[in-house]
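Q: my questions concern the predicted model and sequence given below.
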Amino acid sequence: MRLRFRRLAGIALTGTLLGWMSVVLGHGTAGAPAKSARAIEFPDTDQYQTLVVDLHTHSVFSDGHVWPKIRVGEALRDGLDAYAVTEHLEWQPHLADIPHPDRNRSYQESVAAAAGSDLIVISGSEITRREPAGHMNAVFIEDANALLKVGTPPEDSSDTIGHFLAADQWPPEQAVMAASAQGAFVFWNHPYYTRIYPNAVARMTDFHRTLIDQGHLHGIEVVNGNTYSEEAFQIALDYDLALIGVSDIHDLIDWDYRPEAGGHRPVNLVFAEERTAEAIQAALFARRTVIWFKNLLIGRAADLAPLLDASLDIVDARYRPDLEIVDLTIENHSDANLVLKNLTDYTFVGHADYIQVPPHGMTRVTVRPGKVVDTLELEFEVVNALTAPKQHPRMRYSIPVADVPEP
Ligand SMILES: [Zn+2]
Ligand SMILES: [Zn+2]
């Protein structure tokens, strides 16, 4: 009797202990408000879904300062469709406190924290070397461990530089090749890093040109954090690389980008066949990206035109009774505060040459065509979009006008 009681008590204790341990050992899911005012929103194009993706983030598993769960919570609040976990493989300042021989741990923790949400978490790594290789992100990898070889690590795991120098011995092209063997999409990070290049100018190197020629390097960061590089943009166009814009977040999104004050992290808009990891990967390999950076949209004309087309609508154009002026409404379905420069001879009575259309809002515009027309031929330069360094896309519209006055 007594024995039986003790056994039962043991079972009860085990059950309680397991419940208690799962609370303590698991780190829980991140959760987020169902609808967040700070969510980044752009319309789908005629052909593709427009997905919001951040391909460069850090946590305490490399040199970031938050647990992966916080990255997931931020991604949900920012309305991201996907983000990549890209810890430095070789630069490990927290290794003494957070030893993790399996370099997939950060990704696994992130996936666990995203459980129950529809956020797509992408497995990646930042391959980190001294120049000329510098830093490269490999995303859509299978196993981060295969991208790292540390010959003889220092005895002291808090010797961050010693650890880096031991890992730096393995030729970076071999790490890229190992990523490529897993089907990774690889891009060149912040090629204008001011710590290395005081003039902040990105230049092609023999190392990167060889990787591009061999088909192992597919993109380049034109935007990283708060910085934009015209030279990186031109390199992307010259070498047919995907245009990449990322947060490279180490601290908190709220501290660096102030979303509650109207700011946002830099992201890629990726034009995908469907909302899956595979479709994002395919779109990246096909170079179908636009960068959303501050109030700027950066992309090839072929990608920007359909996005701007889906973002802007001109509606309700009609003559004012007994007058030869036209009122019309320009609608904006995107997060950008669109700045349009009038390229026609028409006068925009209330605006002069520049018209702003607020995000997810509209602007009423009055046009004096100079003669009575039944169709307005409008042409705008989109000032806050770039198709090449210092080049802005143009949008043309033929708008039928209602209530045309009798001659
Ligand atoms: Zn880096
Ligand atoms: Zn980084």
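A: Cool, the structure landed. Keep in mind it's a predicted model, so treat the numbers as computed, not measured. Ligands and ions are numbered 1, 2, ... in the order given.

Q: what's the nearest residue in the stretch 1-150 of the chain when you look at ligand 1?
A: residue 135 (3.5 Å; C-beta to the ion). In this view, the C-beta of every residue, glycine as well, is placed from N, C-alpha and C.

Q: state the pLDDT value of the closest residue to that residue other than its chain neighbours.
A: Leaving aside its sequence neighbours, residue 135 sits nearest to residue 189 (C-beta to C-beta, 6 or more residues apart in numbering; 3.9 Å). pLDDT recorded at residue 189 is 97.

Q: and for residue 189, the neighbour number?
A: Number of residues near residue 189 (other C-beta atoms under 10 Å) recorded here: 22.

Q: would you agree it is in contact with residue 129?
A: No: here residue 189 lies out of contact with residue 129, judged by C-beta atoms under 8 Å, at a distance of 11.0 Å.

Q: which residues do the two both contact?
A: Residues touching both residue 189 and residue 129 by C-beta atoms under 8 Å, 6 or more residues apart in numbering: residue 135.

Q: list the beta-bridge partners for the residue most central in space within the chain.
A: The geometric centre of the chain, computed from its C-alpha atoms, lies nearest to residue 267 (C-alpha atoms, centre = their mean), at 2.4 Å. Beta bridges link residue 267 to residue 292 when assigned by DSSP bridges.

Q: show me the contacts for it.
A: When contacts are counted by C-beta under 8 Å, 6+ apart, residue 267 touches 40, 52, 53, 54, 78, 80, 245, 246, 247, 291, 292.

Q: any idea which element the residue lying closest to residue 322 once chain neighbours are set aside lies in?
A: Counting by C-beta to C-beta, 6+ apart, residue 322 lies nearest to residue 405, which is 7.2 Å off, once chain neighbours are set aside. For residue 405, there is no helix or strand it lies in under DSSP states H and E.

Q: lowest-pLDDT helix or strand in the chain?
A: Ranking every helix and strand in the chain by mean pLDDT, DSSP states H and E puts helix 2-25 at the bottom, with a mean of 44.

Q: give the next helix or strand downstream of that one.
A: The first helix or strand that comes after helix 2-25 along the chain, using DSSP H and E, is strand 49-54.

Q: what's the mean pLDDT across the next helix or strand after that following strand?
A: Heading C-terminal from strand 49-54, the first helix or strand you meet, by DSSP H and E, is helix 68-77. What helix 68-77 shows for mean pLDDT is 98.

Q: and the residue in the chain that ligand 2 sits nearest to, what are its phi and psi?
A: With C-beta to the ion, the shortest gap between the chain and ligand 2 falls at residue 248, namely 4.5 Å. Dihedral pair for residue 248: phi 50, psi 40, per degrees, to the nearest 10.

Q: next, the buried residues of stretch 165-175.
A: With burial defined by 16 or more other C-beta atoms under 10 Å, the residues of stretch 165-175 counted as buried are 166, 167, 168, 170, 172, 173, 175.

Q: give the contact list for the fifth one.
A: For residue 172, the residues meeting the contact criterion (C-beta under 8 Å, 6+ apart) are 127, 129, 133, 136, 207.

Q: if we can go back for a sec, got JSON lines for the contacts of residue 267, with neighbour count too?
A: Listed next are these as JSON lines, based on neighbours: other C-beta atoms under 10 Å:
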{"residue": "40", "neighbour count": "19"}
{"residue": "52", "neighbour count": "23"}
{"residue": "53", "neighbour count": "25"}
{"residue": "54", "neighbour count": "27"}
{"residue": "78", "neighbour count": "22"}
{"residue": "80", "neighbour count": "21"}
{"residue": "245", "neighbour count": "28"}
{"residue": "246", "neighbour count": "28"}
{"residue": "247", "neighbour count": "26"}
{"residue": "291", "neighbour count": "23"}
{"residue": "292", "neighbour count": "24"}
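
Q: most widely separated two among the residues you listed?
A: Using C-beta to C-beta, those reach their maximum pairwise distance at 78 and 291, which is 15.3 Å.

Q: for the stretch 151-300 of the chain, list the residues in contact with ligand 1, please.
A: residue 189 (C-beta under 5 Å from the ion).

Q: residue contacts, the residue in the stretch 201-350 of the chain that ligand 1 sits nearest to?
A: When scored by C-beta to the ion, the stretch 201-350 of the chain has residue 248 as its residue closest to ligand 1, at 6.5 Å. Residue 248 makes contact with 56, 57, 58, 189, 190, 224, 225, according to C-beta under 8 Å, 6+ apart.

Q: again, but for residue 175
A: So residue 175 contacts 89, 127, 138, 147, 148, 149 (C-beta under 8 Å, 6+ apart).

Q: helix/strand/coil for it?
A: helix (DSSP: H, G, I helix; E, B strand; the rest coil).

Q: pLDDT score for it?
A: On pLDDT, residue 175 comes in at 98.
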